[in-house]
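Q: model this:
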Amino acid sequence: MKWRALTIYCVLVILLSSCAHQPPPSGGAPLPGFLLGLLHGYISLFSLIASLFFEVRVYEFPNAGFFYDLGFVVGALAFYGSGSRTYIYTSSRWR
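A: I've put the predicted structure just below:
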């Protein structure tokens with residue numbers, strides 16, 4: 001019975017969240033694209049820390065879609081995964 005209730009709850013949450021939409025952008029500013037997504041992905045850790053204290057968003061609103069998302073992911077991978085090839089494991093060194 002618990003699984004049935006959990007399944008029904010999950011389906012209801014998915015149905016209600018699928019009705020959400022972004023309001024249209026206001027003002028004449030251009031929508032952010034790939035380069036701003038790259039920058040925002042690279043500084044996402046600092047934006048997350050700042051959002052704890054100030055009104056700062058980690059993810060740009062409204063964004064331009066696929067290219068902003070691609071830039072955000074590439075920027076986040078560049079920041080968080082950039083040191084993986086430079087670290088030397090001490091256990092595999094010859095002594």
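Q: where does Thr7 land on pLDDT?
A: For Thr7, the model assigns a pLDDT of 90.
Q: Please give the element, helix or strand, for it.
A: helix 2-17 (DSSP states H and E).
Q: For the next helix or strand after that helix, which outside residues touch it?
A: Remark: after helix 2-17, the chain's next helix or strand is helix 34-42, criterion DSSP H and E. Applying CB atoms under 8 Å, 6 or more residues apart in numbering, the external contacts of helix 34-42 come out as 32, 47, 58-60, 63, 67-79. C-beta here means a position set from N, CA and C on the backbone, and glycine is covered the same way.
Q: please redo it, this time with the cut-off set to 10 Å
A: Applying CB atoms under 10 Å, 6 or more residues apart in numbering, the contact partners of helix 34-42 are 30, 32, 47, 57-60, 63-80, 82.
Q: how far does that helix sit from the chain's center?
A: Chain-centre distance of helix 34-42: 10 Å, with CA atoms, centre = their mean, to the nearest Å.
Q: sorry, back to before: give me the buried entries from the contacts of helix 34-42.
A: 32, 47, 58, 60, 63-64, 67-68, 71-72, 75-76 (16 or more other CB atoms under 10 Å).
Q: So which of those residues sits lowest on pLDDT?
A: For these, the model is least confident at Ala64; its pLDDT is 66.
Q: Distance of the residue nearest in space to the middle of the chain relative to Tyr68?
A: When CA atoms, centre = their mean is applied to the chain, the residue found nearest the centroid is Tyr59 (6.1 Å). Going from Tyr59 to Tyr68 by CB to CB, to the nearest Å gives 9 Å.
Q: do Phe53 as well
A: Going from Phe53 to Tyr68 by CB to CB gives 25 Å.
Q: Stretch 17-31: end-to-end distance?
A: End-to-end distance for stretch 17-31: 24 Å, by CA to CA, to the nearest Å.
Q: Give me the mean pLDDT for it.
A: pLDDT averaged over stretch 17-31 gives 68.
Q: For Phe72, pull up the helix or strand it's in.
A: helix 66-80.
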